[in-house]
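S.K.: Give me the fold of what follows.
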Amino acid sequence: MGGTPATRTALGRPFGRLIIAGEATHPEQSGMVHGAFDEGVRAARWCIGQRFGKVAVVGAGAAGIGAARTLRDAGVSVALLEARERIGGRAWSVPLPAPEASTVVMELGANWLQQGGRNTLAPVAEAIGCRLVPTNFHRPLELGHPAAVGEHTTRAVMKALHARVDRATASGDLPLADVVDAFLADPHPFDRHAVQRVVDSEVCLDTGVPLGELSARLGFEAGVGAGDRWIVGGYRAVLEALATGTDIRLGCAVTRIHWGDERVEIEHTGGCMQADAAIVTVPAAVLQDGRPGFTPPLPTDQQHALALLTTGRVEKAALVFGERWWPRSEDGYIRIADGPGRISEWLDLSDALGVPAITAIFVGDWAAELWDGQDDASVAAGVARVLQRATESAGR
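M.R.: A predicted model of the protein is given here:
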């Protein structure tokens, strides 16, 4: 709460021979894989413009891969350091055992190529022959209780909510929770159920952030649902294609970065590295946790920007069954309500993958309830029970 697009721009402003880049630094496409990738490219172009001969890139997510690829193509010596034993960051494609097949690749991270023609990763996916399946988010199969309110009412409620936000923030921003609470107290011409259901589906599900921590002016995710497609076989294929030929050092956690006006020195679990510059692409939440450390500390502007950013709680499960026992959605997209404030998003992959498979996204407190303190088997069982209850309530 309190952050603006200018906050993200400030976080991504170069200092010394260092620059931070990723989804958190994109003023318009934060939270999107291609937004992170584009920011990595931006950071690399800054390094190229400064004529740095050797650059270290910290983090092998979409931003780090975009940066390393751009630097390598420009003839710059680059090393990509990644703490995990895999690339991709929050784009995480995993093979799961499947009936009548050895494995099937499913996503435990990002799923969609969003924003249609604006997505810079879509042409890459098409060029390497990925099969892309469109999703119409405006026509979900709605299951569970409270009942859905329909596309027309959803649009009307969102229009009314935006109008209330405009009036409430005329003299300054405030938490979105304040506007929503006032709307629920006086929902006319809608009923309270309709307002709650739309806010749960169109705001909470998109952000995973408590409304009390979300800006009323800026707490809406823009540009989703226009030409969104998911990749059969996963994001992994796209990012691996972009990373081919890059010096990637997995299992190499960066612990401290010494920066200044002459060179940077990077301490990591395998030793120490010197470079002309560094691009740091680790998530904002990791930076907020003090990882890696910086000597000297980050400049005041970057510290202030980090303090204003909030990271949502979003969890994802991927399930494979022996048969498809849940209702079929025309577009594969399902939303399940399990009470006020409890909306989950599901993508039925069965037709595209040829096996009964489905993924589910949970946010906020409901995600914490299902995930915290649980092993994978317990989480999977809890998620499957949500789908079973919704299927039974639909009389299927």
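S.K.: drop to CA atoms for contacts and neighbour counts, all remaining ones
M.R.: Fine.
S.K.: Run through the stretch 101-250 of the chain and note the low-pLDDT ranges.
M.R.: The model of the stretch 101-250 of the chain has pLDDT under 70 over residues 221-225.
S.K.: Gly59 reaches Val282, doesn't it?
M.R.: Yes. Between Gly59 and Val282 there is a contact under CA atoms under 8 Å: 5.3 Å.
S.K.: Which one's more surrounded, these two?
M.R.: Gly59 (29 against 25; other CA atoms under 10 Å).
S.K.: Need the pLDDT of the more buried one.
M.R.: Note on Gly59: pLDDT of 98.
S.K.: what's the burial count for Arg69?
M.R.: 22.
S.K.: oh sorry, the question was meant for Ser171
M.R.: 8.
S.K.: what helix or strand is it on?
M.R.: For Ser171, there is no enclosing helix or strand under DSSP states H and E.
S.K.: which stretches of the stretch 251-396 of the chain form helices?
M.R.: Using DSSP state H, counting those that start in this stretch, the helices of the stretch 251-396 of the chain run over residues 284-288, 300-308, 350-353, 364-371, 376-393.
S.K.: among those helices, which is the most enclosed?
M.R.: Mean neighbour count, computed with mean count of other CA atoms under 10 Å, is highest for helix 364-371 among the helices of the stretch 251-396 of the chain, reaching a mean of 18.
S.K.: Which strands or helices does that helix pack on?
M.R.: Helices and strands touching helix 364-371, by 3 or more CA pairs under 8 Å, 6 or more residues apart in numbering; DSSP states H and E, are strand 314-320, helix 376-393.
S.K.: got the contact list for it?
M.R.: Residues outside helix 364-371 that contact it (CA atoms under 8 Å, 6 or more residues apart in numbering) are 204, 208-210, 312-315, 342, 379, 382-383.
S.K.: for the record, mean pLDDT for it?
M.R.: The pLDDT scores in helix 364-371 average 95.
S.K.: any idea how far it is from the chain center?
M.R.: 17 Å (CA atoms, centre = their mean, to the nearest Å).
S.K.: between that helix and helix 376-393, how big is the angle?
M.R.: 120 degrees (axes from the mean of the first three to the mean of the last three CA atoms, to 10 degrees).
S.K.: burial measure for the closest residue to Arg86 other than its chain neighbours, as a count.
M.R.: In this structure, Arg86 finds its nearest non-sequential neighbour in Leu250, 6.5 Å apart by CA to CA, 6 or more residues apart in numbering. The number of residues packed near Leu250 is 16, by other CA under 10 Å.
S.K.: how about Leu250, what does it touch?
M.R.: Taking CA under 8 Å, 6+ apart as the criterion, Leu250 is in contact with 81-87.
S.K.: which one of the helices of the stretch 251-396 of the chain lies closest to Ala170?
M.R.: Closest of those to Ala170 is helix 300-308, at 20.9 Å (criterion: CA to CA).
S.K.: And the contacts of that closest one?
M.R.: 1-3, 7-8, 10-12, 284, 287-288.
S.K.: How about stretch 49-64?
M.R.: Stretch 49-64 has contacts (CA under 8 Å, 6+ apart) with 21-23, 33-34, 36-41, 47, 67-68, 76-83, 87-91, 239, 248, 254, 275-282.
S.K.: next one: stretch 97-115
M.R.: 32-34, 90-96, 119, 121-122, 223-231, 233-235, 316-318, 320-322, 353, 355, 359.
S.K.: Using PDB, write out every CA atom in it.
M.R.: Taking C-alpha atoms only, stretch 97-115 is exported to PDB below (Å, rounded to 0.1, in the frame of the first residue of the first chain):
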ATOM      1  CA  PRO A  97       3.300 -39.500 -13.700                       C
ATOM      2  CA  ALA A  98       0.200 -40.000 -15.700                       C
ATOM      3  CA  PRO A  99      -2.000 -43.000 -16.700                       C
ATOM      4  CA  GLU A 100      -1.300 -44.500 -20.100                       C
ATOM      5  CA  ALA A 101       1.800 -42.200 -20.400                       C
ATOM      6  CA  SER A 102       5.100 -42.100 -18.700                       C
ATOM      7  CA  THR A 103       4.800 -38.400 -17.700                       C
ATOM      8  CA  VAL A 104       2.900 -35.300 -18.500                       C
ATOM      9  CA  VAL A 105       4.300 -31.800 -18.000                       C
ATOM     10  CA  MET A 106       2.200 -29.400 -15.900                       C
ATOM     11  CA  GLU A 107       2.800 -26.000 -14.400                       C
ATOM     12  CA  LEU A 108       3.400 -25.300 -10.700                       C
ATOM     13  CA  GLY A 109       4.100 -21.700 -11.500                       C
ATOM     14  CA  ALA A 110       3.000 -19.200 -14.200                       C
ATOM     15  CA  ASN A 111       0.600 -20.700 -16.700                       C
ATOM     16  CA  TRP A 112      -0.500 -18.200 -19.300                       C
ATOM     17  CA  LEU A 113       1.100 -16.000 -22.000                       C
ATOM     18  CA  GLN A 114      -0.900 -12.900 -21.100                       C
ATOM     19  CA  GLN A 115      -1.900  -9.800 -23.000                       C
END
